[in-house]
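In: Here is my input; please provide its structure:
(one chain, ligands or ions: 1)
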Amino acid sequence: MTTKVLMVCLGNICRSPIAEGIMRKLTNDQDFIIDSAGTANYHIGTAPDYRSIAIAALHDIDISGQKARQLTPADIDAFDHILVMDEENLSNAIAMCSSEKHRDKISLITAASEVDTPYIPDPYYGEDDGFARVYELLHDCCKNWLKKYTK
Ligand code: 4NP
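Out: Numbers count the residues shown, from 1 in each chain. As a prediction, the model looks like this:
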């Protein structure tokens, strides 16, 4: 059976594209369908931020072909798991739910891991090294999520 996982952040150009790239690599795109989306419409159709592309490339992950899109209620129906980056993404995604079943699909990506932060910080307005930290956090979170999920 194929498990569909959607990574969600605000703009779908910094954090969730990295999370999508990491999860695709960890799963070899086998038995899983991985995608990402943003709760906002600011960057629809654009490629990931150059700093996200660079940090992913440093880890042999090519995310340059991704295109930003906005999260819709249909996504919450279509995907099995919606992993969000922070509390704001969480409440925006929950606001789109029409049932308890949909609500139960949504969780913070940090929930399955033991990283030292309850959410993935938004690196957009920060220094470039924020992207390295986001990468490391997301790698830990994705690895631990998969470990728990596939147990
Ligand atoms: P993301 O980062 O949610 O990780 O993609 C952001 C990207 C763009 C903006 C904010 C956060 N923005 O305000 O345009």
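In: From now on I want contacts and neighbour counts done on CA atoms only, so please keep to that.
Out: OK.
In: In the protein, where's the longest helix?
Out: If you go by DSSP state H, the chain has its longest helix at helix 129-149.
In: show me where the protein has strands.
Out: 3-9, 32-38, 81-84, 106-108 (DSSP state E).
In: The shortest one near the ligand anywhere?
Out: Spelled out, it's strand 106-108. No - Strand 106-108 is not in contact with the ligand by Cα under 6 Å from any ligand atom; minimum separation 13.8 Å.
In: For stretch 87-107, buried residues please.
Out: Asn89, Leu90, Ala93, Ile94, Met96, Cys97, His102, Arg103, Lys105, Ile106, Ser107 (16 or more other Cα atoms under 10 Å).
In: what's the answer for stretch 59-77, then?
Out: Buried-residue list, stretch 59-77, by 16+ other Cα under 10 Å: 61-64, 66-71, 75-77.
In: Next, format the strands of the chain as TSV and append distance to Thr117.
Out: Below are those laid out as TSV (distance: least, Cα to Cα, whole Å):
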stretch	distance to Thr117
strand 3-9	16
strand 32-38	21
strand 81-84	14
strand 106-108	11
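In: so can I have CSV of these showing mean pLDDT?
Out: As requested, those are arranged in CSV below (pLDDT from 0 to 100):
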stretch, mean pLDDT
strand 3-9, 98
strand 32-38, 98
strand 81-84, 98
strand 106-108, 98
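In: Pro123: which of the ones you listed is closest?
Out: Proximity to Pro123 (Cα to Cα) singles out strand 3-9 among these, at 11.3 Å.
In: Quick one: name the residues of this structure near the ligand.
Out: Cys9, Leu10, Gly11, Asn12, Ile13, Cys14, Arg15, Tyr42, Asp122, Tyr124.
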